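Trainee: Output the structure for:
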Amino acid sequence: MRIVVALGGNALLRRGEPMTADNQRANIRIATEQIAKIHPGNQLVIAHGNGPQVGLLSLQAAAYTSVTPYPLDVLGAETEGMIGYMIEQELGNLLDFEVPFATLLTQVEVDAKDPAFQNPTKPIGPVYSKEEAERLAKEKGWAIAADGDKFRRVVASPKPKRIFEIRPIKWLLEKSSIVICAGGGGIPTMYGADGKLQGIEAVIDKDLCSALLAEQLDADLLVIATDVNAAYIDFNKPTQKAIAQAHPDELERLGFAAGSMGPKVQAACDFARHTGKVAVIGSLGDIEDIVNGTAGTRVSTAKPGISYR
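Mentor: Residues are numbered from 1 along each chain as shown. Predicted structure coming up:
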């Protein structure tokens, strides 16, 4: 099977942990131990988040005031290289020496007319006091939004339209390489008025990009790995129930939180609808059972309705 695994942010850094290189590597080691179990007989593509890593680079850039801060697309490219390197090394240490790996910087096209540009919602970088945030917004032309009692910069999160490196990814898979790509939703790019491709200040949702990636690669399975073992209704309430199987139409009607499960459900539904294949939302620890069809929330157009476990 050709499998796309979208790693959640917790696979790189657990909530509340200091963002040291050692902590990230230790978490990646735990993640790759699970991924290694599904390598035999399968082609693997790994995508991942990069939010905290971009945030750290933003903080580091802000500390060095002699040059203007690097733009978001460049920071995204930097994190794709760093995280891909760690995944390659940790997974490579678990698999046969002959297994080839490649990390690809992945440029993803978005539409300049995407309504997300009129309504920036994706928080990035550090938190500021209200006064400081307002000063920075004026100085740098940022959009800002409240985050608890503090403020953060927010940027647009447009939908991914096209993955430019899709052909090299396919070529690598045909040669049995494990490919790490589309990190953090890919590097956001668009064509300017001059017809030339350029990076933009935006963040593409990594789950939506992983769904597009899986669709364009003709993947057999999309695994959206997160820190819970399924999508739930009434999550964290006494009435909570894990969804075992769902048709996209039924699942979308339930309504999930925009900041957490919402994009994962949307991505799973998009992939299932566009391909007729299966997408699964679940825990990385259950990945063998997910691939065998017995764990996680399976989203597919094959069967109407919803069933619970």
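Trainee: Do a quick rundown of the helices in this structure.
Mentor: Using DSSP state H, the helices of the chain run over 21-36, 51-63, 72-92, 130-140, 166-174, 206-216, 248-254, 261-275, 287-292.
Trainee: Report the distance from the last one to the chain centre.
Mentor: Remark: helix 287-292 is offset 20 Å from the chain centroid, using C-alpha atoms, centre = their mean, to the nearest Å.
Trainee: cool, the third one as well?
Mentor: Its chain's average C-alpha position is 13 Å from that of helix 72-92, according to C-alpha atoms, centre = their mean.
Trainee: per-domain residue ranges of the chain.
Mentor: With domains defined by automatic domain parsing, the chain comprises 2-110+160-308, 120-155.
Trainee: and among those, the most buried is which?
Mentor: Highest mean neighbour count among those (mean count of other C-beta atoms under 10 Å): domain 2-110+160-308, with a mean of 18. C-betas here are computed from N, CA, C, even on glycine.
Trainee: Going by mean pLDDT, which of the domains of the chain comes out lowest?
Mentor: Lowest mean pLDDT within the domains of the chain: domain 120-155, at a mean of 90.
Trainee: got the end-to-end distance for it?
Mentor: Terminal residues of domain 120-155 lie 5 Å apart, using C-alpha to C-alpha, to the nearest Å.
Trainee: can the helices of the chain go into TSV with extra columns for distance to Pro160?
Mentor: Shown next, in TSV, are the helices of the chain (distance: least, C-beta to C-beta, whole Å):
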stretch	distance to Pro160
helix 21-36	23
helix 51-63	16
helix 72-92	13
helix 130-140	26
helix 166-174	11
helix 206-216	5
helix 248-254	18
helix 261-275	10
helix 287-292	24
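Trainee: how about these, which one is nearest Lys303?
Mentor: Smallest distance to Lys303 across the helices of the chain (C-beta to C-beta): 10.0 Å, for helix 248-254.
Trainee: ok, now how distant is the residue nearest the centre of the chain from Gly51?
Mentor: Nearest to the mean C-alpha position of the chain, counting by C-alpha atoms, centre = their mean, stands Lys206 at 2.6 Å. Lys206 sits at a distance of 9 Å from Gly51 (criterion: C-beta to C-beta, to the nearest Å).
Trainee: what touches both of the two?
Mentor: Common neighbours of Lys206 and Gly51, using C-beta atoms under 8 Å, 6 or more residues apart in numbering, are Gly184.
Trainee: Nearest residue to Glu78 in space, ignoring adjacent ones along the chain?
Mentor: Of all residues not flanking Glu78 in the chain, Leu57 sits nearest, at 6.2 Å (C-beta to C-beta, 6 or more residues apart in numbering).
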